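# Sequence and predicted model, in that order:
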Amino acid sequence: MPLAPTTALRIFLMLATLPEVRRLVKGAVAWWSGKKIAVIGPTAAGKDSFIARLQQREIPRRHTGSPLREKVKSFDVKLALTRTHTVDITCKGVVNVGGEVEFRDSPRGWRSVCEGADVIFYVMTVQDLLKKRFVRGRVRQDLDWLQTVLPHLGDRVLVHVLVNKIDLEIASHTHYGALAKELAADLRALDATVKRVLEPYEHHYTGATLISMKNKSIFTIAIHRAFAAVYSAFHEQDVVPQPVLAPALEV
């Protein structure tokens, strides 16, 4: 039986609990305004749905590949950095691109999308996480690719991982405490692997966030966490960025 939205949201909050970060409010609007983001990731991971959510449009009912480099017009994002501070952020120059390996490696593929970006969002799925495809598999191949191109993208570019489709994983479980522990362990393993693979450019990595493009309530909370983590990491000049997700709590 599918979980009620409020139940799914409650469990997600337990999985993704973070302390309030009030220090992020000052300067965040000016920093994010005009920033350019790139969206990359394997086919069907949720890139199109991510862009649709940011634009406050309905997500696509069916997956459709992005065979050509697709430019998306600038759009505003209303982002709550804390419970009492909501700001309007303008994202400009967003570009979406197909997720197949041939698009990743082609001259007009992922590198051309990432060039000039301030923030790169890499979208994977929770199944990629649970099946550890970041150790062996497509996600690991993408991380290896990213390590080779990071030195050509500038010293200030940041990379954030979005782990999509958490709603489906929640709906397929009844023992939420066990699921929470498993996800927490895999997220720690993901963080360690990303930092090791990206070395010596691991300081570009800002963490990973569980998210659901389909469940609007989960998406809203998750994207606030992700945007706050990216902004925070940018200002931690000499500190290795910490993972976005705190250890999962028992439900």
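That came through, no problem.
# mind listing the helices for this structure?
Assigned by DSSP state H, the helices in the chain fall at 5-15, 28-32, 47-54, 101-105, 110-114, 126-130, 138-149, 166-171, 176-198, 216-234.
# Relative to residue 130, how far out is the residue nearest to the spatial centre of the chain?
Nearest to the mean C-alpha position of the chain, counting by Cα atoms, centre = their mean, stands residue 162 at 2.4 Å. Taking Cβ to Cβ, to the nearest Å as the measure, residue 162 falls 15 Å from residue 130. In this view, the C-beta of every residue, glycine as well, is placed from N, C-alpha and C.
# count of neighbours near the spatially closest residue to residue 143 that is not a sequence neighbour?
Of all residues not flanking residue 143 in the chain, residue 197 sits nearest, at 4.5 Å (Cβ to Cβ, 6 or more residues apart in numbering). Applying other Cβ atoms under 10 Å, we find 18 residues neighbouring residue 197.
# One more: residue 105?
11.
# Please read off the pLDDT at it from the model.
On the pLDDT scale, residue 105 is placed at 84.
# wait, it sits on residue 142?
No. Look at residue 105 against residue 142 with Cβ atoms under 8 Å: they stay out of range, at 10.6 Å.
# What's the separation between residue 153 and residue 59?
Taking Cβ to Cβ, one finds residue 153 at 28 Å from residue 59.
# Looking at the two, which one has more neighbours?
Neighbour totals were compared for residue 153 and residue 59, and residue 153 leads with 20 against 15 (other Cβ under 10 Å).
# so who does the residue nearest to the more buried one when sequence neighbours are not counted touch?
Nearest in space to residue 153, with sequence neighbours left out and distances taken as Cβ to Cβ, 6+ apart, is residue 114 at 5.7 Å. Shown in contact with residue 114 (Cβ atoms under 8 Å, 6 or more residues apart in numbering): 38, 40, 120, 149, 153, 157.
# quick one: low-confidence parts of the stretch 151-251 of the chain?
236-251 (pLDDT under 70).
# mind running it again at 50?
Along the stretch 151-251 of the chain, the model assigns pLDDT under 50 to residues 237-251.
# give me the beta-bridge partners of residue 121?
Beta-bridge pairing for residue 121 (DSSP bridges): residue 39, residue 160.
# Could you give the number of residues near it?
Neighbour tally, residue 121, other Cβ under 10 Å: 24.
# so it touches residue 164, yeah?
No. The pair residue 121 / residue 164 is not scored as a contact, 10.5 Å apart, by Cβ under 8 Å.
# related to what we said a few turns ago, what separation do you get for the residue nearest to residue 153 and residue 141?
Distance from residue 114 to residue 141, by Cβ to Cβ: 16 Å.
# And residue 194, by the same measure?
13 Å.
# out of these two, which sits in the more crowded spot?
With neighbours defined as other Cβ under 10 Å, residue 194 and residue 141 compare such that residue 194 has more, 25 against 15.
# Can you give me every residue that contacts that one?
With Cβ under 8 Å, 6+ apart, residue 194 has these contacts: 134, 143, 161, 202, 205, 208.
# Out of these, give me the one that has the most neighbours.
Neighbour counts for these peak at residue 161, which has 29 neighbours (criterion: other Cβ under 10 Å).
# From residue 56, how far off is it?
23 Å.
# how many neighbours does residue 178 have?
12.
# How about residue 55?
Other residues close to residue 55 by other Cβ under 10 Å number 15.
# where does it fall, phi/psi-wise?
phi -90, psi 0 (degrees, to the nearest 10).
# doesn't residue 74 make contact with it?
No. Checked against Cβ under 8 Å, the pair residue 55 and residue 74 is beyond contact range at 10.1 Å.
# Can you list the low-confidence ranges for the stretch 1-150 of the chain?
If you take pLDDT under 50 as the line, the stretch 1-150 of the chain has these spans: 1-5, 9, 17-22.
# how about a cut-off of 80?
Within the stretch 1-150 of the chain, the ranges that satisfy pLDDT under 80 run 1-34, 60-75, 77-99, 107-108.
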